[in-house]
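>>> Generate a structure from the sequence data that follows.
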Amino acid sequence: MNEHPQITADPGVMAGKPCLKGTRVTVSNVVRQIAAGRSTVEICSDYPYLTPDLIQAALEFAADVSGSETYELAS
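Purely as a prediction, here's the structure:
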């Protein structure tokens with residue numbers, strides 16, 4: 001069972017990057033916008049085909065992916 005049914009990754013769409021289902025909006029695009037201080041309402045205003053639930057799904061996916069990997073960061 002897919003834990004993230006609102007997220008898809010298709011090699012033919014946005015080079016296979018995880019996207020919100022039925023769109024070409026990448027999870028990373030949503031995360032970057034939230035990180036820049038934009039609200040869900042602002043994002044949905046710019047992308048009227050998105051919903052607050054899809055924005056939340058992107059954030060949950062990003063949290064799960066980032067929590068399952070380890071990275072060595074240069075100091």
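>>> quick one: the closest residue to residue 23 other than its chain neighbours from residue 35, how far?
Excluding the flanking residues, the one nearest residue 23 by CB to CB, 6 or more residues apart in numbering is residue 49, at 6.3 Å. The way it works is simple: take the backbone N, C-alpha and C, and place the C-beta from them, glycine included. As for residue 49, its distance to residue 35 is 22 Å (criterion: CB to CB, to the nearest Å).
>>> I would like the residues contacting the longest helix seen in the chain, please.
Assignment by DSSP state H gives helix 52-67 as the longest helix of the chain. The contact list for helix 52-67 (CB atoms under 8 Å, 6 or more residues apart in numbering) reads 3-4, 6-7, 18, 20-21, 23, 27-28, 30-31, 34, 40-41, 43-44.
>>> now do 7 Å
With CB atoms under 7 Å, 6 or more residues apart in numbering as the test, helix 52-67 has contacts from 4, 6-7, 18, 20, 27, 30-31, 34, 40, 43-44.
>>> Tell me which residues of that helix come out buried.
54-55, 57-58, 61-62 (16 or more other CB atoms under 10 Å).
>>> Check stretch 9-22 too.
For stretch 9-22, using 16+ other CB under 10 Å, the buried residues are 14, 18-20.
>>> hang on, the earlier thing: quick one: mean pLDDT over the longest helix of the chain.
Averaged across helix 52-67, the pLDDT comes to 94.
>>> How far away from the center of its chain is that helix?
6 Å (CA atoms, centre = their mean, to the nearest Å).
>>> Over to stretch 60-74?
13 Å.
>>> got the CA coordinates for that stretch in CSV?
Backbone C-alpha positions of stretch 60-74 (Å, rounded to 0.1, in the frame of the first residue of the first chain) are rendered in CSV as follows:
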residue,chain,number,x,y,z
GLU,A,60,4.4,14.8,5.0
PHE,A,61,6.2,13.1,2.1
ALA,A,62,9.2,15.4,2.4
ALA,A,63,9.4,14.7,6.2
ASP,A,64,9.2,11.0,5.7
VAL,A,65,11.9,11.0,3.0
SER,A,66,14.2,13.3,4.8
GLY,A,67,13.8,11.2,8.0
SER,A,68,14.7,8.0,6.3
GLU,A,69,18.0,9.1,4.9
THR,A,70,21.3,10.0,6.4
TYR,A,71,23.6,12.7,5.0
GLU,A,72,27.1,13.7,5.8
LEU,A,73,27.2,17.5,5.8
ALA,A,74,30.5,19.4,5.4
